[in-house]
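Colleague: pasting the sequence and the predicted model now:
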Amino acid sequence: MWKKLFKGLGVAVLALIAVLAFNTWRYQPVTQDVEQVELPVVDVDRLAMQLSEAIQFQTISRRRFPDGRPEDFQSFLDWVQTSFPSATKTMERELINGLTPLYRWKGTGAERPILLTAHYDVVPVQDLSGARWEHPPFGGVIADGFVWGRGAMDDKGALVAMLAAVEVLIADGFQPNRDIYFSFGHDEEIGGAEGASAVADHLAAQDIQLAWSLDEGSAVLRAIVPGLNRDIASINVAEKGYITVDIKAKGEGGHSSLPPRKTAVGELAEAVVALQEKPVPGGLTGVSKEFFDALGPDFPLLQRVLFANQWLSRPILEMALSGSPSTDAMLRTTMAPTMLEGSTKENVLPQEATATVNFRLHPRDSVEDIVNLTQERVGDELEVTLRSGFQRGASAVSRSDNDAFNGLALTFGQVFGDVIIVPGLTIAGTDTRHYSRVADDSYRINPFVMTAKDIPRLHGVNERLSLEDLERATQFYAVLLRNTAQ
Ligand SMILES: [Zn+2]
């Protein structure tokens, strides 16, 4: 009898191995079969000069960062008009709130318009002297194959490449078959209320509904995901939301020489621990599943076995992906306790203690879901309130099976060669949350190659863009418009 049982088990194990192997064998990297096109010739020296000049305007977002030079915003807009003469002559311009230009390139056909956007405000640099910078942050120095300075990647590089692409297309005799809008926001870094949001209102007031929009929010990722050798064009179809919640515990107050067993601070600390021990539920569903499914076949064998056999391995995969902050953030709403406040004196019992927790919402969770979940986790004794102001749910998820997405994917293939195309999720916020009010679908990616070493340069020290990126981005936008507006 035992012999039979072992034999039966042996057969079952062999069958399982066969299934795993078969699924893995079928699970092969997808390569796009794209028709190669001739890339437009662009004048790289001129492009570099244009980005260099753009960086020298100190367009540091106003209001929150008053140390900028407000007059530089207006001069930047004048500079755009004169630096891209055929583009700005061909397109109509409207100024929204005086500082965000909306250009319209009139098309010949009736197909619905599209929108390409970038922003020209920048975040401040910590020390204006730029002591830690290899080149002055607002110098726009061109050296070692890069243009250096604040805004090179985020996001003046994209703006220059878009306008340069229009110039190239005009010189080529290109005529769009649909309206193409370009919007260049002046306040993205402080929320976009007067720029992008007002542009969306302006379009909505004229009953203009865009087929799709394209903005920053991702890049062509190189050697960022361990184990993957091919570059990844993460065309982000959604962005996370942002809320901050205050959790309040109440106490009796009084002198700390006669304390209760648990003070308000202690009670609050337990609540924070309870929250941290149980992350917001997440996993490989929705946009997270789409993202990892697109990457899965390119992983080394062991991981590929897991990705190819998710019917069996999903819990293991989810556990592994939760282990690192960058992949965990793709799976769920993240939670970060960031501030604590208790009594104002060391020997006074707190009458109130507050913990502040910042959440980045995955598209599967609503603001209400997260507030309710927080209340549930910390218990009824504590008061949970949503902070007012800068709070927003996650964006809608745009399609990745339509003409717009396919047009973007095709263009990446034609301009970047062999890249993995994935629909991704932007972890931070972009102006797109405003534009998407008037667009059926919204995509977020700048056609720049980004390595792990480039990420800290964003909003950090030594921001720069390579001449190669600048040239390729210009070609990218030109080919994209040929693919989608001709
Ligand atoms: Zn930006």
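Modeller: Nice, thanks for sending it over. Because the structure is predicted, anything quoted here is derived from the model rather than measured. Numbers count the residues shown, from 1 in each chain.

Colleague: can I get stretch 171-181 in PDB? Just the C-alpha atoms.
Modeller: What follows is stretch 171-181, C-alpha atoms only, in PDB (Å, rounded to 0.1, in the frame of the first residue of the first chain):
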ATOM      1  CA  ALA A 171      10.500  71.900 -42.100                       C
ATOM      2  CA  ASP A 172       9.400  68.500 -43.400                       C
ATOM      3  CA  GLY A 173       6.100  69.800 -44.600                       C
ATOM      4  CA  PHE A 174       4.100  67.800 -42.000                       C
ATOM      5  CA  GLN A 175       0.500  68.700 -41.600                       C
ATOM      6  CA  PRO A 176      -1.400  67.200 -38.700                       C
ATOM      7  CA  ASN A 177      -4.700  65.500 -39.500                       C
ATOM      8  CA  ARG A 178      -6.000  66.400 -36.000                       C
ATOM      9  CA  ASP A 179      -5.600  69.300 -33.600                       C
ATOM     10  CA  ILE A 180      -2.400  68.900 -31.500                       C
ATOM     11  CA  TYR A 181      -2.200  70.900 -28.300                       C
END
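
Colleague: confirm Phe182 sits in a strand?
Modeller: Yes. Looking at Phe182 with DSSP: H, G, I helix; E, B strand; the rest coil, it is inside a strand.

Colleague: just give me the neighbour total for the closest residue to it other than its chain neighbours.
Modeller: Nearest-residue entry for Phe182: Tyr103, 4.3 Å, with adjacent residues in sequence omitted and distances by Cβ to Cβ, 6 or more residues apart in numbering. C-beta: built from backbone N, CA, C; applies to glycine. By other Cβ atoms under 10 Å, the residues close to Tyr103 number 22.

Colleague: gap between Tyr103 and Arg93?
Modeller: According to Cβ to Cβ, to the nearest Å, Tyr103 and Arg93 sit 5 Å apart.

Colleague: in whatever helix or strand Ser52 lives in, what's buried?
Modeller: Taking DSSP states H and E as the definition, Ser52 sits inside helix 44-56. Under the neighbour-count criterion of 16 or more other Cβ atoms under 10 Å, helix 44-56 has Leu47, Ala48, Met49, Gln50, Leu51, Ser52, Glu53, Ala54, Ile55, Gln56 buried.

Colleague: surely Ser398 meets Arg444?
Modeller: No. Using Cβ atoms under 8 Å, Ser398 is not in contact with Arg444; the gap is 9.1 Å.

Colleague: those two: which is more packed in?
Modeller: Between Ser398 and Arg444, counting by other Cβ under 10 Å, Arg444 is the more crowded of the two (27 against 24).

Colleague: any idea how far stretch 73-84 is from the chain center?
Modeller: Centroid separation for stretch 73-84 versus its chain: 27 Å, with Cα atoms, centre = their mean, to the nearest Å.

Colleague: where does this protein have low pLDDT?
Modeller: Applying pLDDT under 70 to the chain flags residues 1-2, 62-68, 128-129.

Colleague: near the ion, which residues of it are found?
Modeller: Contacts of the chain with the ion, taken as Cβ under 5 Å from the ion, map to Asp154, Asp155, Glu216.

Colleague: top of those by number of neighbours, please.
Modeller: In terms of neighbour count, Asp155 stands highest of the residues of the chain next to the ion at 26 neighbours, by other Cβ under 10 Å.

Colleague: that one - that's part of a helix, no?
Modeller: Yes. When three-state DSSP is applied, Asp155 is found to be in a helix.

Colleague: mind listing what the residue in the stretch 1-150 of the chain positioned nearest to the ion touches?
Modeller: Relative to the ion, the nearest point of the stretch 1-150 of the chain is His119 (5.7 Å; Cβ to the ion). By Cβ atoms under 8 Å, 6 or more residues apart in numbering, the residues touching His119 are 155, 159, 184-189, 192, 195-196, 216, 431.

Colleague: any of these buried? List them.
Modeller: Buried members of the contacts of His119, counted by 16+ other Cβ under 10 Å: 155, 159, 184-189, 192, 195-196, 216, 431.

Colleague: in CSV: these, plus secondary structure.
Modeller: Formatted as CSV, the buried ones among the contacts of His119 follow (three-state DSSP):
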residue, secondary structure
Asp155, helix
Leu159, helix
Phe184, strand
Gly185, strand
His186, coil
Asp187, coil
Glu188, helix
Glu189, helix
Gly192, coil
Gly195, coil
Ala196, helix
Glu216, coil
Asp431, coil
